[in-house]
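Visitor: sequence-free structure coming up:
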């Protein structure tokens, strides 16, 4: 903050960029902040039993097809990541697909942390068993440790899973004590009838979970999924390791809210990449005290909004690193610099 105040710029002129530079310097314990050279996105994929109950505009089979598209480098976030120098890693935590035909080493890496195929239809049954929740949380922690060991100086979380806005909305409702009507949005674009059905499912799921929502781990068991629980584990471990995280859309932020419930103080290490049209995301961001960097109407998921915001963070670093200090430009009062050329 002292360095920002001392830059050769008008006070407050750098706005959010100045604040972000200060946040990154604090997260790195380095003034000025170091350049963000090793930005790494982890896309955690999984299917959701609730997707077969009219809550999504797309069939569940799309999840496996999109995982293949990520691996081929042809997804929306793949294009953004290539443009902005972001490394992408895709992991299958709960995809309901064998993903046959992949090279053995690719398949092994993809499924190294897989917990189960799909999740329970959360309005009818628990999404996970308690053992699976613990396994998914530990998988996320392990992935975070792997990314930190690979040199990540900024982590991003992405998602892939048809129907995943429904459990994510449930996580936000559980964390904030809200009702289904307040948190449920259109996801990938359901019509009015689909939205009404989705609200019914969220309300039924919350009623079924009952008082268990008071505990974040129980919430994940009842209302989450393997991919979302793993994201929570990744976020808590990143914060514990002192690595800043740039959040994406609803799934990422719902997991950040749950991570803060599980490990209070974690949110200090998070910044919000963009604002999603999903109402639950804005509600969770407000609770966490996070203001999104971008508001582009993006609802793609995948980590795309976070990747699109990476240049903003890099701009903040550049300003705090490379703008001259006013003290270096202005001689101290009473100082005689001597004759020109002296």
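Guide: Alright, I've got the coordinates. Everything numeric in this text was worked out from a predicted model, so none of it was measured.
Visitor: Residue 155 should be in a strand, yeah?
Guide: Yes: assessed by DSSP: H, G, I helix; E, B strand; the rest coil, residue 155 belongs to a strand.
Visitor: how close does it sit to residue 201?
Guide: According to CB to CB, to the nearest Å, residue 155 and residue 201 sit 31 Å apart. Bear in mind the C-beta positions are built from the backbone N, C-alpha and C, glycine included.
Visitor: And for residue 217?
Guide: Separation of residue 217 from residue 201 (CB to CB) stands at 22 Å.
Visitor: And for residue 232?
Guide: 22 Å.
Visitor: Tell me which of those two has more neighbours.
Guide: Taking other CB atoms under 10 Å, residue 232 and residue 201 do not tie; residue 232 has more neighbours (32 against 24).
Visitor: For the more buried one, pull up the helix or strand it's in.
Guide: Applying DSSP states H and E as the criterion places residue 232 in helix 226-241.
Visitor: partners of the next helix or strand after that helix, with directions?
Guide: Where DSSP H and E defines the elements, the next helix or strand beyond helix 226-241 is strand 245-247. Applying DSSP bridges to the sheet, strand 245-247 is found paired with strand 154-160 (parallel), strand 270-272 (parallel).
Visitor: Show the subsequent helix or strand relative to the last one.
Guide: Using DSSP H and E, the helix or strand that follows strand 270-272 in sequence is helix 279-288.
Visitor: Other residues contacting the helix or strand bottoming out on mean pLDDT in the chain?
Guide: Ranked by mean pLDDT, DSSP states H and E, the weakest helix or strand in the chain is helix 326-329, scoring a mean of 89. With contact meaning CB atoms under 8 Å, 6 or more residues apart in numbering, helix 326-329 is reached by 6, 7, 8.
Visitor: ok, how many other residues are close to the last one?
Guide: The burial count assigned to residue 8 is 12, neighbours taken as other CB under 10 Å.
Visitor: in the protein, which ranges drop under the pLDDT threshold?
Guide: Applying pLDDT under 70 to the chain flags the ranges 332-342.
Visitor: what about 80?
Guide: Applying pLDDT under 80 to the chain flags residues 188, 331-342.
Visitor: I'd like the distance from stretch 86-102 to the chain centre, please.
Guide: 18 Å (CA atoms, centre = their mean, to the nearest Å).
Visitor: can you check stretch 12-27 too?
Guide: With CA atoms, centre = their mean, you get 20 Å for stretch 12-27.
Visitor: Can you mark which positions in that stretch are buried?
Guide: In terms of neighbour count (16 or more other CB atoms under 10 Å), stretch 12-27 has its buried residues at 14, 17, 18, 19, 20, 21, 22, 23, 24, 25, 27.
Visitor: Take those and keep only those in helices.
Guide: Residues of these located in helices (DSSP state H): 17, 18, 19, 20, 21, 22, 23, 24, 25, 27.
Visitor: which one of these sits closest to residue 1?
Guide: Of all these, residue 1 sits closest to residue 22, with 5.4 Å by CB to CB.
Visitor: Distance of that closest one relative to residue 3?
Guide: From residue 22 across to residue 3, the span is 8 Å (CB to CB).
Visitor: got it, and residue 245?
Guide: Look at residue 245 and residue 3: by CB to CB, they are 23 Å apart.
Visitor: More neighbours: the two, which one.
Guide: Neighbour totals were compared for residue 245 and residue 3, and residue 245 leads with 26 against 17 (other CB under 10 Å).
Visitor: Show me what that one bridges to in the sheet.
Guide: residue 155, residue 270.
Visitor: Begin at 25 from now on, thanks
Guide: Sure, I'll start counting at 25 from here, so that last one is residue 269.
Visitor: list the contacts for residue 60?
Guide: Counting by CB under 8 Å, 6+ apart, residue 60 makes contact with 48, 177, 178, 334, 337, 338, 341.
Visitor: let me fix that: residue 62
Guide: Residues in contact with residue 62 (CB under 8 Å, 6+ apart) are 111, 174, 175, 176, 177, 178.
Visitor: Determine which two of those residues are furthest apart.
Guide: Among the contacts of residue 62, 174 and 178 lie farthest apart (CB to CB), at 12.2 Å.
Visitor: ok, these two, which is more surrounded?
Guide: Between residue 174 and residue 178, counted using other CB under 10 Å, the more crowded position is residue 178 (25 against 11).
Visitor: Confirm for me that that one is in contact with residue 64.
Guide: Yes: assessed by CB atoms under 8 Å, residue 178 is found in contact with residue 64 at 7.4 Å.
Visitor: follow-up on the earlier one: which residues do residue 46 and residue 27 both contact?
Guide: Counting by CB under 8 Å, 6+ apart, the shared contacts of residue 46 and residue 27 are residue 344.
Visitor: Grab the nearest non-local neighbour of residue 265.
Guide: residue 172 (5.0 Å; CB to CB, 6 or more residues apart in numbering).
Visitor: likewise residue 290?
Guide: Residue 290's closest residue in space is residue 263 (CB to CB, 6+ apart), at 3.9 Å.
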